[in-house]
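J.: next come a sequence and a model predicted from it.
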2 protein chains.
Amino acid sequence: MEAKPKQILIADDEPDILEIVSYNLGKEGYEVYTAKDGNEAIERAKQLHPDLIILDVMMPRKTGVEVCQILRSQPMFQDTLIIFLTAMSDEASQIKGLETGADDYVNKPISPKVLISRVNALFRRLNKDDNNTGKSIVLGNITIDPVKFLVTINNQEVVLAKKEFELLYLLASRPGRVFLRNEILSQVWGNDVIVGDRTIDVHIRKVRQKLGVDCITTVKGVGYKFEL
Amino acid sequence: MEAKPKQILIADDEPDILEIVSYNLGKEGYEVYTAKDGNEAIERAKQLHPDLIILDVMMPRKTGVEVCQILRSQPMFQDTLIIFLTAMSDEASQIKGLETGADDYVNKPISPKVLISRVNALFRRLNKDDNNTGKSIVLGNITIDPVKFLVTINNQEVVLAKKEFELLYLLASRPGRVFLRNEILSQVWGNDVIVGDRTIDVHIRKVRQKLGVDCITTVKGVGYKFEL
DNA sequence: CCATGAGTTAACCTAATGTTTACACAAAAT
DNA sequence: ATTTTGTGTAAACATTAGGTTAACTCATGG
């Protein structure tokens, strides 16, 4: 299942900024649209209904704050992500911006990289929330859902105990990657807990047994990895 | 259903910051808990399962980044909001922090007001997505009507006491999802009430008994979930 | 053929949960 | 007022399943 690219509308009256930001976000795989003032931003927002709107605060024909207020008042834009971009780095503006309903507030001069990180962070959060499936790991015919605490394999539910589940979840979180025994210990058991040597093996065994599918590979002298 | 105050865990090795931030967030109506180093942060996070964790980056016994990584690797903390707090204002740290899975990154010196705005913004976004409250729930042959305070099972009315009802409603509001004991406590009982260990069990038992249908599953060491 | 690391098994211990009873307290009924 | 009834909590005890260990076996390589 390919996620369709997220659409971003960016509004700023400085062409340079539009270009730099568009370029960088485009490179990240986003679909970028631009507007050069407040009214145009509103217009295009209504046309496109983008996933995220980046608004410069100081713009002709409606400031970013005004645009935000107008959009937020419409039900259609309740859930749309909004980021303010501004040269005014004083506290008051920032607070006001956030209280207007923005999700983030980034000061100019902008570092494209930082902006991208913040954009990514917002989308990451969003996907976690509306996609109940987003959290779960799906690999081939195996599904691991940490919210429901459930493992499904070929549409058969498998019940794992807490430690077993955590162990499997850890390994499956990075398929193919080898986890050292130490890593597993500190991730699943915690650093201050001391357990015997064979404990991990026993749990690995139980998971293998319950899954009935050979997907945990032993790398002797190193650790374990998950692979189908 | 009344909105329960959100729980926030803040970890910093400087007592001054802990105090200032605690005070200000408390004044906003949040329920604030503190930790003074990385390990303590992890420990308390596991106990409390707060809604938001604010992590200082530079802490003894595990940095904020490490804490974040450890928590994020665990299924139970996938959804928890995380904010980094740091004196290092360089780009690279910020980007790295956000990529570790944080939701926001705030530079020191902190303005309490700005921090609060950002915390509010995060919660505002979060609440938009899971607003399921108020509606009646219909699952198979079970109906739960929070308005009439009534549970119907196979067209038979079942009378539940207040706490029993709230407990069932909570679990049924997200079928399949596991609710931690802590979550149940803070949602049904509220976080300032201290009740004994066995109280939840007793109520669970009563609900199970009255429903007569086995639809509440216990996930040992984790919590309970509703499923038919 | 020993050394090392991993797999297997079953027994064991205990933390976590289930169950029951009793009691405080409030609301409703008398 | 007094009784009755129902709810919520605590305390005591029973039970179970999860986690750990230990002893043994197996596989591999030097």
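T.: Received, thanks.

J.: packing partners of the longest helix along chain A?
T.: Criterion DSSP state H: the longest helix present in chain A is helix A:112-130. Counting contacts by 3 or more CB pairs under 8 Å, 6 or more residues apart in numbering or on different chains; DSSP states H and E, helix A:112-130 packs against helix A:15-27, strand A:52-56, strand A:81-86, strand A:104-107, helix B:91-99, helix B:112-129. Where you see a C-beta, it was placed from the backbone N, CA and C, and this is true even at glycine.

J.: how about 7 Å then?
T.: Judged by 3 or more CB pairs under 7 Å, 6 or more residues apart in numbering or on different chains; DSSP states H and E, the packing partners of helix A:112-130 are helix A:15-27, strand A:81-86, strand A:104-107, helix B:91-99, helix B:112-129.

J.: nearest to A:I42 among those would be which one?
T.: Closest to A:I42 of the helices and strands packed on helix A:112-130 is strand A:81-86 (CB to CB; 12.3 Å).

J.: contacts for the closest one, please.
T.: Residues outside strand A:81-86 that contact it (CB atoms under 7 Å, 6 or more residues apart in numbering or on different chains) are A:12, A:51-58, A:64, A:68, A:93, A:97, A:101-108, A:110, A:118, A:122, A:126.

J.: which among the residues you listed count as buried?
T.: In terms of neighbour count (16 or more other CB atoms under 10 Å in any protein chain shown), the buried residues within those are A:12, A:51-57, A:64, A:68, A:93, A:97, A:101-108, A:110, A:118, A:122, A:126.

J.: burial check on the nearest residue to A:E28 once chain neighbours are set aside, number of neighbours?
T.: Spatial nearest neighbour of A:E28, excluding adjacent residues (CB to CB, 6 or more residues apart in numbering or on different chains): A:I116 at 5.6 Å. Using other CB atoms under 10 Å in any protein chain shown, A:I116 has 18 neighbouring residues.

J.: let me see the contact set for A:I116.
T.: The contact partners of A:I116, by CB under 7 Å, 6+ apart, come to A:24-25, A:28.

J.: quick one: which of those is most hemmed in?
T.: Going by other CB under 10 Å, A:L25 tops the contacts of A:I116 with 22 neighbours.

J.: ok, the closest residue to it other than its chain neighbours to B:I95 distance?
T.: Distance criterion CB to CB, 6+ apart; nearest residue to A:L25, sequence neighbours excluded, is A:V32 at 5.0 Å. According to CB to CB, to the nearest Å, A:V32 stands 20 Å off from B:I95.

J.: with A:V213 instead?
T.: Plainly put, A:V213 is 38 Å away from B:I95 if you go by CB to CB.

J.: near chain B, which residues of chain A?
T.: A:78-79, A:91, A:94-95, A:98-99, A:102-103, A:111, A:113-114, A:117-118, A:121, A:125, A:128-130, A:135, A:146-149, A:161-162, A:166, A:169-170, A:173, A:187 (CB under 7 Å from any CB of the partner chain).

J.: now do 6 Å
T.: A:79, A:91, A:94-95, A:98, A:103, A:111, A:113-114, A:117, A:121, A:125, A:128-130, A:135, A:146-149, A:162, A:169, A:187 (CB under 6 Å from any CB of the partner chain).

J.: so where do the strands sit in chain A?
T.: A:7-11, A:31-35, A:52-56, A:81-86, A:104-107, A:137-139, A:142-145, A:150-153, A:156-158, A:178-180, A:216-219, A:223-226 (DSSP state E).

J.: make JSON lines out of those strands and add distance to A:E19 and mean pLDDT.
T.: What follows is these, written out as JSON lines (distance: least, CB to CB, whole Å; pLDDT from 0 to 100):
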{"stretch": "strand A:7-11", "distance to A:E19": "10", "mean pLDDT": "93"}
{"stretch": "strand A:31-35", "distance to A:E19": "9", "mean pLDDT": "92"}
{"stretch": "strand A:52-56", "distance to A:E19": "13", "mean pLDDT": "93"}
{"stretch": "strand A:81-86", "distance to A:E19": "14", "mean pLDDT": "91"}
{"stretch": "strand A:104-107", "distance to A:E19": "17", "mean pLDDT": "88"}
{"stretch": "strand A:137-139", "distance to A:E19": "38", "mean pLDDT": "87"}
{"stretch": "strand A:142-145", "distance to A:E19": "43", "mean pLDDT": "92"}
{"stretch": "strand A:150-153", "distance to A:E19": "47", "mean pLDDT": "93"}
{"stretch": "strand A:156-158", "distance to A:E19": "52", "mean pLDDT": "92"}
{"stretch": "strand A:178-180", "distance to A:E19": "44", "mean pLDDT": "94"}
{"stretch": "strand A:216-219", "distance to A:E19": "48", "mean pLDDT": "94"}
{"stretch": "strand A:223-226", "distance to A:E19": "43", "mean pLDDT": "95"}
